[in-house]
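Asks: need coordinates for the below:
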Amino acid sequence: AVMFLAAAAALIAAMVLALARAFAGPTVYDRILAVNQIGTQTVLLIAVMGFISGRPDFLDISLLYALINFVATIAVLRYVKRDRARADKQS
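Replies: Numbers count the residues shown, from 1 in each chain. As a prediction, this is how the structure comes out:
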């Protein structure tokens with residue numbers, strides 16, 4: 001159990017670093033990638049916490065969150081692409 005707590009702590013530390021990257025940028029794509037990384041690490045954290053607490057149903061929740069993270073990332077990227085195409089067309 002100690003090993004899983006260490007893994008959870010490492011995931012939280014990596015999430016803090018990714019959050020710093022999301023704020024730092026410099027491009028919108030760097031920010032999107034950092035937020036996607038945070039979502040992926042959240043999936044891992046939910047799975048690890050479910051294993052630590054002995055609740056295997058957390059794995060289902062983490063898989064659902066992974067699907068939502070994937071769809072949201074694709075949606076945001078398509079929005080940014082469309083918005084940039086519109087801005088290029090106007091100038």
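Asks: and stretch 47-56, what's its mean pLDDT?
Replies: Per-residue pLDDT values over stretch 47-56 give a mean of 93.
Asks: give me the residues contacting that stretch.
Replies: Ala1, Phe4, Leu5, Ala7, Ala8, Leu11, Asp57, Phe58, Leu59, Ile61, Ser62 (Cβ atoms under 8 Å, 6 or more residues apart in numbering). Where C-beta positions appear, they are placed from N, C-alpha and C, glycine not excepted.
Asks: run the last query once more with 10 Å
Replies: Outside stretch 47-56, the residues that touch it by Cβ atoms under 10 Å, 6 or more residues apart in numbering are 1, 4-5, 7-8, 10-11, 57-63, 65-66.
Asks: likewise stretch 23-35?
Replies: Looking at what lies outside stretch 23-35 - Cβ under 10 Å, 6+ apart - the contacts are 15, 17-22, 69, 72-73, 76-77, 80, 83-84.
Asks: for Leu64, what are its contacts?
Replies: Taking Cβ under 10 Å, 6+ apart as the contact definition, Leu64 lies against Val43, Ile46.
Asks: for Met3, see how far away it is.
Replies: With distances defined as Cβ to Cβ, to the nearest Å, the gap from Leu64 to Met3 amounts to 26 Å.
Asks: and what of Ser62?
Replies: Counting by Cβ to Cβ, the gap between Ser62 and Met3 amounts to 19 Å.
Asks: no further questions, thank you.
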